[in-house]
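> What shape does this take:
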Amino acid sequence: MRYRLLPRGTVELSSEMVVPPGTELRGASSGTILRAAPGFRGRALIVCTGAGIRLRDFVIDGNRAALEVRAGLPPSDRPFARFTANNGILAEGVERFSVSNVTFREIAGFAVLVSRSRHVLLSRLHVAASGSRNPAGRNNTTGGILLEEGTARFRVSDCEFRDIRGNAVWTHSLYTSPRNRAGDIVRNRFYNIGRDAIQVGHAGEVWVSGNQGSHIGFPSADVDREGGGVPVGIDTAGNVANSAYIGNRFDTIDGKCIDLDGFHDGYVSRNVCVSVGSLGIVMNNTNPDMQSRNITVEDNELRDILFGGIFVIGSGHTIRSNRLLDLNRAHCNENAARAGCYYPPGEPDRLRSGIYLGRGAERPDPALHNLVERNEITGFKMAERCVATAPGIAPEANTIRDNICRDR
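Here you go, the predicted model:
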C-alpha cells in the first residue's frame, strides 16, 4: 500500500485527480479541501480504478453553482458512470475500495458513484447541498451515493445526508446488467431529501436497517412530479429478491413510506413511518422478470397517513401484527377531488382502506392466498374499511383474521 498525504488548506482542481491501485489517499491533519475550479472538466474530482484504494479524512467541494448542468436521465442503455460528469468520487471496476470520514458539499453530480465494483466500504461520509436539476428545474436523481452495474459486497454505514436534490443512497443497474448484490445500508441519517432517502434497485441480498430520516420530498420545488419521481423513505425498483428492510424510522414524507416495486421473497419488519403524504406500504410489479411473492410485512408502525395503510398484490405474503394508526387523513372519498383521492375506475376502496387486497399494479397479479392477521388499524371510517378486497377477489381467497379495526 502506497500512502499519499494531501497538502493542507484548499487545493483547486481543474481536471481529474487519478488515484492508482494500492494507494491510501489521506487529508492533512490540519484539514484539506479539494475544490473544483470554475472551469473544471472531468467525470469526477477523484477517479479510482483497480484494487486496494482507500480515501479518508478530507473535504470535497464540487462548486455546484459553477458546474451544474441541467440534464435529464441517461438513455436506458447507458450507465450513469458514462453519463454524469462533475461527481465527487468515481470508482469504476474497483475491488477493495473504501472511503471514510470524507465530507462532500455542493456536488453537481453524485457525491460517490461506484460502478462494476466489489468489496466496497463507504462509512462516516457527510454529504450536503448536492445534486443537479433537469430542464424543468426538478431533481435529476443526483446528489447522493450511487452503486451501479452489478456492484457486490458493499456497505454504506453511519453516513449523513442533508439537502440532497435526488436520491441519497441508491443501487441501480441497467436491465441487461448484473444485479447489485450482497450489500448493507445501515445506520445512515437523512434530512431534506428531494427524491428517495434509500432506493434498492435491481438487487439481491440487500440489508437495509437502522436508518433514520426526516423531511423526505422536501423542498417541494425539487420533487420531480412531472417525471413521476414520487419521494419514498425506502424505495424499490427493478427485480429485488432475498432482501430485508428492518428497523428503519422516517417522519414527514411527502410521498410513500416504503415502496415494494419489484420486491419479492423478503422481509419488511419493525419499521416506523410518521406523517406520510400518500400510502404507507405499497407493492408493485413493474419489472417483467418478477412476481410479487412471499413477502413478510410484520410489526411495522405507520402513523398519520394521508391515504391507506398497506396495498397488497400477489400471493404468499404474511401481513401480521402491524400498527396502522390514524389512516385516511384525506377522508377519501368524501373529499376526493380536494384531497387528491384519485383511484382506478371501479376501485373506490383502494386509497381509503387500512389494508387493500388489489387486482394488480403495473401488471395484473390478484392478491390471493395471503395471510392478514392481528393488525391494529385505526383512522377515518376504519371500522368499516379495515381490510378490503378489489372487485373480483373474494374475501375467502385470503386468510383474514383477528384484526382490530376502529374509527379514530
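> Let's test this: mean pLDDT of whichever strand or helix holds Leu146, rounded?
Assigned by DSSP states H and E, Leu146 belongs to strand 145-148. Averaging pLDDT along strand 145-148 yields 98.
> Now do the contacts for Pro231.
With contact taken as CB atoms under 8 Å, 6 or more residues apart in numbering, Pro231 is in contact with 193-196, 216-217, 223, 253-256. Using the backbone N, CA and C atoms, a C-beta is placed for each residue, glycine as well.
> Return the helix or strand in this structure with minimum mean pLDDT.
When each helix and strand of the chain is scored by mean pLDDT, DSSP states H and E, helix 336-339 comes last, with a mean of 68.
> all helices of this structure, in order?
Here the chain has its helices, by DSSP state H, at 64-67, 336-339.
> Which residue ranges of the stretch 1-150 of the chain form strands?
When assigned using DSSP state E, counting those that start in this stretch, the strands of the stretch 1-150 of the chain occupy the ranges 2-5, 9-13, 17-19, 23-26, 32-36, 44-61, 87-105, 112-115, 118-123, 126-130, 145-148.
> Output those in CSV; the columns should cover mean neighbour count and distance to Asp235.
Below are these laid out as CSV (neighbours: other CB atoms under 10 Å; distance: least, CB to CB, whole Å):
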stretch, mean neighbour count, distance to Asp235
strand 2-5, 11, 38
strand 9-13, 14, 33
strand 17-19, 17, 32
strand 23-26, 19, 33
strand 32-36, 21, 29
strand 44-61, 21, 25
strand 87-105, 23, 21
strand 112-115, 26, 19
strand 118-123, 20, 19
strand 126-130, 21, 18
strand 145-148, 28, 14
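> can I get those in a markdown table with distance to Cys273?
Shown next, in a markdown table, are the strands of the stretch 1-150 of the chain (distance: least, CB to CB, whole Å):
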| stretch | distance to Cys273 |
| --- | --- |
| strand 2-5 | 44 |
| strand 9-13 | 41 |
| strand 17-19 | 40 |
| strand 23-26 | 39 |
| strand 32-36 | 37 |
| strand 44-61 | 32 |
| strand 87-105 | 27 |
| strand 112-115 | 27 |
| strand 118-123 | 25 |
| strand 126-130 | 23 |
| strand 145-148 | 22 |
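> Out of the ones you listed, the one nearest Asn284 is which?
In terms of CB to CB, the element of these nearest to Asn284 is strand 145-148, at 21.4 Å.
> For the closest one, give me every contacting residue.
Applying CB under 8 Å, 6+ apart, the set of residues contacting strand 145-148 is 79-81, 110-117, 120, 122, 125, 127, 154, 156, 159, 167-173, 180, 183.
> what does stretch 393-408 give?
For stretch 393-408, the external contacting residues (CB under 8 Å, 6+ apart) are 325-326, 354-355, 357-359, 366-383, 386-387, 389.
> what about 6 Å?
326, 357, 366, 368, 370-379, 382-383, 386-387, 389 (CB atoms under 6 Å, 6 or more residues apart in numbering).
> now do the same end-to-end measure for that stretch.
End-to-end distance for stretch 393-408, by CA to CA, to the nearest Å: 28 Å.
> Enumerate the positions of that stretch that are buried.
393, 397-398, 400, 403, 405 (16 or more other CB atoms under 10 Å).
> quick one: Ala197 and Tyr191 touch, right?
No. Look at Ala197 against Tyr191 with CB atoms under 6 Å: they stay out of range, at 9.3 Å.
> Among the two, which residue is more densely surrounded?
Set Ala197 next to Tyr191 and count neighbours by other CB atoms under 10 Å: Ala197 wins out with 32 against 19.
> and this protein, what are its domains?
The chain breaks down into these domains under automatic domain parsing: 1-231, 255-408.
> I'd like those as TSV, with distance to Asn248 appended.
Formatted as TSV, these follow (distance: least, CB to CB, whole Å):
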stretch	distance to Asn248
domain 1-231	5
domain 255-408	5
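> about what we covered before: run me through the strand neighbours of the strand holding Leu146, direction for each.
strand 112-115 (parallel), strand 169-172 (parallel) (DSSP bridges).
> Report the backbone C-alpha coordinates of the last one in CSV.
Once side chains and other backbone atoms are set aside, the C-alpha atoms of strand 169-172 remain, and they are given as CSV (Å, rounded to 0.1, in the frame of the first residue of the first chain):
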residue,chain,number,x,y,z
VAL,A,169,-28.4,6.2,-1.3
TRP,A,170,-29.2,4.3,-4.4
THR,A,171,-28.4,0.9,-6.1
HIS,A,172,-29.1,0.8,-9.8
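> So what touches that strand?
Contacts for strand 169-172 (CB under 6 Å, 6+ apart): 144-148, 156, 180, 185, 198-201, 203.
> make it 8 Å
In contact with strand 169-172 (CB under 8 Å, 6+ apart) are residues 80, 141, 144-148, 151, 156, 159, 161, 180, 183, 185, 188, 196-203, 206, 237-238.
> do the same with the first one
By CB under 8 Å, 6+ apart, the surrounding residues in contact with strand 112-115 are 44, 79-81, 84, 87-94, 97, 99, 104, 120, 122, 125, 145-149, 151, 154.
> follow-up on the earlier one: and the contacts of strand 169-172, which of them are buried?
Neighbour-count burial (16+ other CB under 10 Å) applied to the contacts of strand 169-172 gives 80, 141, 144-148, 151, 156, 159, 161, 180, 183, 185, 188, 196-203, 206, 237-238.
> what's the average pLDDT for stretch 153-171?
Stretch 153-171 comes out with an average pLDDT of 98.
> May I see the PyMOL selection of the buried members of the contacts of stretch 393-408?
To isolate the buried subset of the contacts of stretch 393-408 in PyMOL, counting by 16+ other CB under 10 Å, use the following:
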select buried, resi 326+357+366+370+372+375+376+377+378+379+382+386+387+389
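> contacting residues for the nearest residue to Ser30 once chain neighbours are set aside?
Setting aside the residues directly before and after it, Ser30 is nearest to Arg8 in space (CB to CB, 6 or more residues apart in numbering), at 4.5 Å. Contacts for Arg8 were tallied using CB under 8 Å, 6+ apart; they are 28-32.
> closest to Arg303 among those?
Closest to Arg303, out of all of these and judged by CB to CB, is Gly31, at 42.9 Å.
> contacting residues around that closest one?
8-9, 58-59.
> before we move on, back to that, determine which two of the contacts of Arg8 are furthest apart.
Checking the contacts of Arg8 with CB to CB, the most distant pair is Ser29 and Thr32, at 9.3 Å.
> Without its sequence neighbours, what residue ends up closest to Ser132?
Per CB to CB, 6+ apart, closest to Ser132 is Glu68, 4.7 Å.
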